[in-house]
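Engineer: Turn this into a model:
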Amino acid sequence: MLDIRGPSLYAHVASKEDVLWAIVDRVASRFEAAADAATADAHDPDDLLAGLVRAHVHAVTEDVGEASVFIHEWRHLSEERRQAVLERRDAYEARFRAAIADGIASGAFALTDPSLAATFLLTALNGIPTWYRPTGSVSPAQLADLYADLAVRSLTEASR
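Structural biologist: Coordinates of the predicted model:
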């Protein structure tokens with residue numbers, strides 16, 4: 001916890017929105033950089049999707065509090081900043097949709113709606129901050145591997 005009082009904080013930051021924007025922008029950049037790094041060497045649909053999922057989990061667990069602010073609070077930004085976040089979010093989500101569509105096209109994934117599948121996965125991934133605690137029994141790496149496995153299996157195993 002920082003030992004800073006409200007008036008001292010505002011001597012360095014113009015508004016609450018500026019604080020929120022700084023967090024949202026930083027976390028969005030963290031998600032984007034993690035996805036870039038995780039998918040740079042992916043060669044097949046399973047690896048690509050698993051890389052995206054692992055990257056997302058690591059970006060969330062790196063700072064659960066900031067991730068929670070990003071996921072839930074960006075809607076309180078001004079219209080211009082909200083639009084900028086929406087554009088970044090749409091581009092990020094498009095990575096998941098494209099990975100799933102490529103997997104379907106190659107026959108690696110079962111036929112499904114790539115948009116709905118991406119929404120399903122990202123909803124699960126974005127729920128992590130509501131329950132994950134760094135002091136819990138699952139490490140970020142274990143969680144990333146488990147979620148990656150679940151994501152790939154949800155698209156590759158035959159429906160019943």
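Engineer: From now on I want contacts and neighbour counts done on CA atoms only, so please keep to that.
Structural biologist: Fine.
Engineer: which residue packs closest to the residue sitting nearest the centre point of the chain, ignoring adjacent ones?
Structural biologist: What sits nearest the mean C-alpha location of the chain, by CA atoms, centre = their mean, is H56, with 4.2 Å. In space, and not counting its chain neighbours, H56 is closest to F31: 6.3 Å by CA to CA, 6 or more residues apart in numbering.
Engineer: For the helix or strand containing that neighbour, name the packing helices and strands.
Structural biologist: Per DSSP states H and E: F31 is located in helix 16-39. On a contact count with 3 or more CA pairs under 8 Å, 6 or more residues apart in numbering; DSSP states H and E, helix 16-39 meets helix 45-62, helix 64-73, helix 79-106.
Engineer: Pull the distance from the second one to the chain's centre.
Structural biologist: Relative to the chain's own centre, helix 64-73 is displaced by 10 Å; criterion: CA atoms, centre = their mean, to the nearest Å.
Engineer: Give the buried residues for it.
Structural biologist: 64, 66-68, 70-71 (16 or more other CA atoms under 10 Å).
Engineer: what's the answer for the last one, then?
Structural biologist: Residues 81-82, 85, 88, 92, 95-104 are the ones in helix 79-106 that count as buried (16+ other CA under 10 Å).
Engineer: nearest to P45, of those?
Structural biologist: G103 (4.9 Å; CA to CA).
Engineer: Go ahead and confirm the closest one touches F109.
Structural biologist: Yes. G103 is within contact range of F109, at 5.0 Å (criterion: CA atoms under 8 Å).
Engineer: what's next to stretch 61-81, contact-wise?
Structural biologist: 17, 20-21, 23-24, 27-28, 59-60, 82, 85, 126, 129-130, 132-134, 140 (CA atoms under 8 Å, 6 or more residues apart in numbering).
Engineer: send the alpha carbons of that stretch over as CSV?
Structural biologist: This file holds the C-alpha atoms of stretch 61-81, laid out as CSV (Å, rounded to 0.1, in the frame of the first residue of the first chain):
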residue,chain,number,x,y,z
THR,A,61,-2.0,-13.2,-13.0
GLU,A,62,1.0,-10.8,-13.3
ASP,A,63,-1.2,-8.3,-11.5
VAL,A,64,-4.7,-9.5,-10.7
GLY,A,65,-5.9,-6.2,-9.3
GLU,A,66,-4.8,-4.2,-12.4
ALA,A,67,-6.3,-6.9,-14.7
SER,A,68,-9.6,-6.7,-12.8
VAL,A,69,-9.6,-2.9,-13.2
PHE,A,70,-8.9,-3.3,-16.9
ILE,A,71,-11.6,-5.9,-17.5
HIS,A,72,-14.3,-4.2,-15.5
GLU,A,73,-13.7,-0.5,-15.2
TRP,A,74,-12.6,0.7,-18.7
ARG,A,75,-16.3,1.5,-19.4
HIS,A,76,-16.0,4.5,-17.0
LEU,A,77,-13.5,6.2,-19.3
SER,A,78,-14.5,9.2,-21.4
GLU,A,79,-16.0,8.5,-24.8
GLU,A,80,-12.7,9.0,-26.7
ARG,A,81,-10.7,6.8,-24.4
